[in-house]
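> Sequence first, then the predicted structure:
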Amino acid sequence: DVKVTQSSRYLVKRTGEKVFLECVQDMDHENMFWYRQDPGLGLRLIYFSYDVKMKEKGDIPEGYSVSREKKERFSLILESASTNQTSMYLCASSFGRGYQPQHFGDGTRLSIL
Amino acid sequence: AQKVTQAQTEISVVEKEDVTLDCVYETRDTTYYLFWYKQPPSGELVFLIRRNSFDEQNEISGRYSWNFQKSTSSFNFTITASQVVDSAVYFCALTNFGNEKLTFGTGTRLTIIP
């Protein structure tokens, strides 16, 4: 079974801090994704990566950056956290082309105070 | 542009009742894929099914069934004889061939009352 592991289930940070969310997958998947999930808005794509050191913006990239130095690891960075970035963050990975299902981690509930 | 609409925000049914979750999609592509995911209270989205645009056969898996109708751009999900463990948020999603990105609906929160 595919395992996607997010480093924290719950995280509390302060406004202005630089925040790192880490995600690791163990199935050699090419594609990795970061979403945020907010009530009534579903899942919105922040960034995705289809290869090491490659990244593409999703629908809501503002205020975020990503890093993928190794195939199994995809990091989401909040450069200067703000209260409107309080949300549930979900990482996913998938193999090959888009018609392959994405596999998700358990999510990180991030609160910015 | 692609769009997925799940008009039912929340549904509650009594255990053992059947329930249908609606999904309507919009796309200009002729080759596309539809997905359903389940998100239990634990938070992890679990893949349930994928359908491609050329296969309109309905699918049944145990108590779960899916009805794909291109004529109405719908991909509805029915749970028969619902159980408390079916309580979750269910998401419908869409992608087109060659696109790694999924477009998700806003989800339907299903509560099964014992």
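Good, I have the coordinates.
> For chain A, which residues are neighbours of chain B?
Chain A comes close to chain B at residues A:9, A:31, A:33, A:40-45, A:48, A:50, A:58, A:88, A:90, A:92, A:94, A:97-99, A:101-107, as judged by CB under 8 Å from any CB of the partner chain. All C-beta spots, glycine's among them, are computed from the backbone N, C-alpha and C.
> Out of the residues you listed, list just those in strands.
Among the residues of chain A next to chain B, DSSP state E puts A:31, A:33, A:42-45, A:48, A:88, A:90, A:92, A:94, A:103-104 in strands.
> so which of these is the most crowded?
A:Ala92 (28 neighbours; other CB atoms under 10 Å in any protein chain shown).
> Is it bridged to anything, and to what?
A:Phe33, A:Phe104 (DSSP bridges).
> What residues does it make contact with?
Counting by CB atoms under 8 Å, 6 or more residues apart in numbering or on different chains, A:Ala92 touches A:Val4, A:Met32, A:Phe33, A:Tyr35, A:Gln102, A:His103, A:Phe104, A:Gly105, B:Leu45.
> what helix or strand is the fourth one on?
Mapping A:Tyr35 onto the secondary structure by DSSP states H and E places it in strand A:31-38.
> re earlier: can I get the ones in strands among the residues of chain A next to chain B in JSON lines including distance to B:Arg63 and pLDDT?
Output for those, formatted as JSON lines (distance: CB to CB, whole Å; pLDDT from 0 to 100):
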{"residue": "A:Asn31", "distance to B:Arg63": "31", "pLDDT": "93"}
{"residue": "A:Phe33", "distance to B:Arg63": "30", "pLDDT": "96"}
{"residue": "A:Gly42", "distance to B:Arg63": "25", "pLDDT": "90"}
{"residue": "A:Leu43", "distance to B:Arg63": "25", "pLDDT": "93"}
{"residue": "A:Arg44", "distance to B:Arg63": "31", "pLDDT": "94"}
{"residue": "A:Leu45", "distance to B:Arg63": "31", "pLDDT": "94"}
{"residue": "A:Phe48", "distance to B:Arg63": "33", "pLDDT": "94"}
{"residue": "A:Met88", "distance to B:Arg63": "28", "pLDDT": "96"}
{"residue": "A:Leu90", "distance to B:Arg63": "26", "pLDDT": "97"}
{"residue": "A:Ala92", "distance to B:Arg63": "26", "pLDDT": "95"}
{"residue": "A:Ser94", "distance to B:Arg63": "27", "pLDDT": "91"}
{"residue": "A:His103", "distance to B:Arg63": "23", "pLDDT": "93"}
{"residue": "A:Phe104", "distance to B:Arg63": "23", "pLDDT": "94"}
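> hmm, which two among those residues are most spread apart?
A:Asn31 and A:Met88 (20.6 Å; CB to CB).
> partners of the helix or strand bottoming out on mean pLDDT in chain B, with directions?
None of the helices or strands of chain B scores lower by mean pLDDT, DSSP states H and E than strand B:59-61, at a mean of 86. Using DSSP bridges, the strands paired with strand B:59-61 are strand B:64-69 (antiparallel).
> ok, now which ones touch B:Thr31?
B:Asn52, B:Ser53, B:Phe54, B:Asn96, B:Phe97.
> List only buried entries from those.
B:Ser53, B:Asn96 (16 or more other CB atoms under 10 Å in any protein chain shown).
> which ones among the contacts of B:Thr31 come in contact with chain A?
B:Asn52, B:Asn96, B:Phe97.
> now, which of the residues you listed lie within strands?
Under the assignment DSSP E, the ones next to chain A among the contacts of B:Thr31 contribute B:Asn52, B:Asn96 to strands.
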